[in-house]
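> What would the 3D arrangement of this be:
(chains A and B)
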Amino acid sequence: MLTISYLRNNTDEAIQRLQIKNIDARDSISAILNLDDKRKAAQTTLDNCLAALNNYSKEIGILMKQGKADESAQAKQKAAELSDESKVLRNNLVDIEKQIDELIVKLPNVPHISVPKGRTPEDNVVVRSGGQMPVLPENAKPHWDLITQYDIIDFELGNKLTGAGFPVYKGKGAKLQRALISFFLDNAIDAGYREVIPPLLVNEASGFGTGQLPDKEGQMYHATADNYYLIPTAEVPVTNIFRDEIVAGAQLPIKYTAYTPCFRREAGAWGRDVRGLNRLHQFDKVEIVQVANPEGSYDRLEEMVSHVESIVQKLGLPYRILKLCGGDMSFTSSLTYDFEVYSAAQQRWLEVSSVSNFETFQANRLKLRYRDEATKKSALAHTLNGSALALPRIVAAILENNQTDKGIKIPEILVPYTRFEYIN
RNA sequence: GGAGAGAUGGCAGAGUGGUCGAUUGCGGCGGUCUUGAAAACCGUUGAGGCUGUGAGGCCUCCGGGGGUUCGAAUCCCUCUCUCUCCGCCA
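Okay, here's the model as predicted:
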């Protein structure tokens, strides 16, 4: 959620930056600012009323102590009137605040000034690419055939146990999952991230804090008996660790990593490009999260991009890094880089990571602040996160790109984790 | 699930209707003393909002929400959580 002070002090800039996301926010921003003026006036009126009321109450208290109860009658009468008045004024203030809230919650985050304008994924900009495109034999198979051939991932069985999009990993398929998770976590830990294992269900406040609620309610599985939500990404519980916190400026940046399964209903997204591992309802992911000082947050973002890039390189996968255009960015992001790996048998790029800076957008909802050393003042921190990495499409790419006559060759760097060199 | 107790400032812990945003201790910060440090002593030390050029003034917040009252940390209702005992259980 954007702050009113930002909208007030940088009105033109906010309108311009929101245009990058193809949003004309002129009307709603001016409505918000008008309401905020009304809010301030209402606040002042209420405060004055309460101050007068408090004075009468103190006076009554003193008279009572002196045993002059009879003399307090007139003050009581006055105070009662002020008390009634304050209730009306408070309702008015609450009503105005509600109106502001309704408008401001609907405004998406302002994109970074460098974000390209655009509407569709075609307008995303390739920042750089790397890795070797594999040359596959004539009879190369897509991963959904390979997993059946080697009996390592079983969709039919998952379908029996739960439903579509919940595969069962078997044998070397299961072990490959575990190997990748450990490999990703070790890389993150070596890069200075602290590992946490968060809950996989979160409450409403957490869902609101990172921006899943109320808008994207339909994307999460909801355990209605207890009103908990299954996490769509570790970003939700890990970022919410800092909800309602004021951290010391000297601690920044704070870097956390977590492996979790992720649960997504993918309502409305089903039907296209969903074969095999391309889109699942439950998948594994290692997430990296940073809480940063506003001054340095874009350096942190670049650091996270480099971190993800190094992992993809170590796995020997052909990749490219995209800077998302305004139209393809998420509601909460200021700047997002997507990582895609090339899946040779499908002959298409698969998104495996998304690394974003949210600036103060999430922090404002979370009330996540840091205390500046010099000024001793608290201010909203910046939050960032990224996948490092999401497993299924990485697995798909490894399977397809590394298929040989002898079976599927495990990337060198993973062998210490898998303790086998081929899936055959 | 049953019974009981509790939730107060960074922490510990007072406060059971009235000048209480809250005694006190620890911790933190500043100072005196010291070559330096420790000890001792003195001072200071929550968050947010409104207002003012500023100094300052005012308002709200004692787990969340609601109520009683001129006035609530304190009384009532409700929810959540924690602890103890019992039951069940990985």
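> how about the residues of the stretch 151-300 of chain A near RNA strand B?
residue A:246 (C-beta under 7 Å from any atom of the strand). Just so you know, the C-beta spots here come from the backbone N, C-alpha and C atoms, and that holds for glycine as well.
> Can you pull the phi/psi pair for the closest residue to RNA strand B within the stretch 151-300 of chain A?
The nearest approach of the stretch 151-300 of chain A to RNA strand B comes at residue A:246, 6.3 Å away (C-beta to the nearest atom of the strand). For residue A:246, the backbone dihedrals are phi -120, psi 110 (criterion: degrees, to the nearest 10).
> show me the contacts for it.
Residues counted as contacts of residue A:246 (C-beta atoms under 8 Å, 6 or more residues apart in numbering) are A:369-371, A:378.
> Mind doing that once more with 10 Å?
For residue A:246, the contact set (C-beta atoms under 10 Å, 6 or more residues apart in numbering) comprises A:367-371, A:378-379, A:381.
> Ignoring the adjacent residues along the chain, who's closest to it?
residue A:369 (4.7 Å; C-beta to C-beta, 6 or more residues apart in numbering).
> Do I have it right that the one you found meets residue A:381?
Yes - here residue A:369 reaches residue A:381: they are 6.2 Å apart, a contact under C-beta atoms under 10 Å.
> Neighbours of the residue lying closest to residue A:367 once chain neighbours are set aside, how many?
Counting by C-beta to C-beta, 6+ apart, residue A:244 is the residue found nearest to residue A:367 once chain neighbours are left out, at 5.0 Å. Number of residues near residue A:244 (other C-beta atoms under 10 Å) recorded here: 11.
> Next one: residue A:244 from residue A:104, what distance?
19 Å (C-beta to C-beta, to the nearest Å).
> List the contacts of the strand or helix carrying residue A:156.
Using DSSP states H and E, residue A:156 sits within helix A:155-161. With C-beta under 10 Å, 6+ apart as the test, helix A:155-161 has contacts from A:144, A:147-148, A:154, A:164-170, A:275-277, A:280-282.
> From the chain's centroid, how far away is that helix?
In terms of C-alpha atoms, centre = their mean, to the nearest Å, the centre of helix A:155-161 is set 30 Å apart from its chain centre.
> contacts for the helix or strand following that helix?
Note on helix A:155-161: by DSSP H and E, the next helix or strand toward the C-terminus is strand A:168-169. Here strand A:168-169 makes contact (C-beta under 10 Å, 6+ apart) with A:147, A:152-162, A:174-178, A:284, A:391, A:395.
> Could you rerun that using 8 Å?
Contacts of strand A:168-169 (C-beta under 8 Å, 6+ apart): A:152-154, A:157-158, A:161, A:176-177.
> what about burial for the residues you listed, which qualify?
The neighbour-count test (16 or more other C-beta atoms under 10 Å) marks A:152-154, A:158, A:176-177 as buried among the contacts of strand A:168-169.
> Return the distance of residue A:121 relative to residue A:249.
Residue A:121 is 38 Å from residue A:249, by C-beta to C-beta.
> The two: who's more crowded?
Using other C-beta under 10 Å as the criterion, residue A:121 and residue A:249 rank with residue A:249 on top: 19 against 13.
> Tell me if I'm right that that one and residue A:376 touch.
No - at 9.6 Å, residue A:249 and residue A:376 do not qualify as touching, with contact defined as C-beta atoms under 8 Å.
> shared neighbours of the two, anything?
With C-beta under 8 Å, 6+ apart, residue A:249 and residue A:376 have no common neighbours.
> on that earlier part again, specify which member of the contacts of residue A:246 is nearest to residue A:291.
The closest of those to residue A:291 turns out to be residue A:381 (C-beta to C-beta; 5.2 Å).
> on that earlier part again, show me the two of the contacts of strand A:168-169 that sit farthest apart.
Across those (C-beta to C-beta), the longest gap, 20.2 Å, separates A:161 and A:176.
> pLDDT score for residue A:273?
For residue A:273, the pLDDT comes out at 66.
> and the residue lying closest to residue A:313 once chain neighbours are set aside, how many neighbours does it have?
For residue A:313, ignoring the flanking residues on the chain, the nearest one in space by C-beta to C-beta, 6+ apart is residue A:130 at 6.4 Å. Other residues near residue A:130 come to 12 when the count uses other C-beta under 10 Å.
> what pairs with residue A:130 across the strands?
With DSSP bridges as the criterion, residue A:130 is bridged to residue A:319.
> In the contacts of residue A:246, which residue is surrounded by the most others?
Result: residue A:381 is most packed of the contacts of residue A:246 (other C-beta under 10 Å), 28 neighbours.
> quick one, domains of chain A?
A:4-104, A:121-423 (automatic domain parsing).
> any idea which of the ones you listed is most buried?
Among the domains of chain A, ranked by average contacts under mean count of other C-beta atoms under 10 Å, first place goes to domain A:121-423 (a mean of 19).
> measure that one end to end?
35 Å (C-alpha to C-alpha, to the nearest Å).
> Stretch A:159-167 now?
End-to-end distance for stretch A:159-167: 7 Å, by C-alpha to C-alpha.
> Could you do stretch A:346-362 as well?
Termini of stretch A:346-362 sit 36 Å apart (C-alpha to C-alpha).
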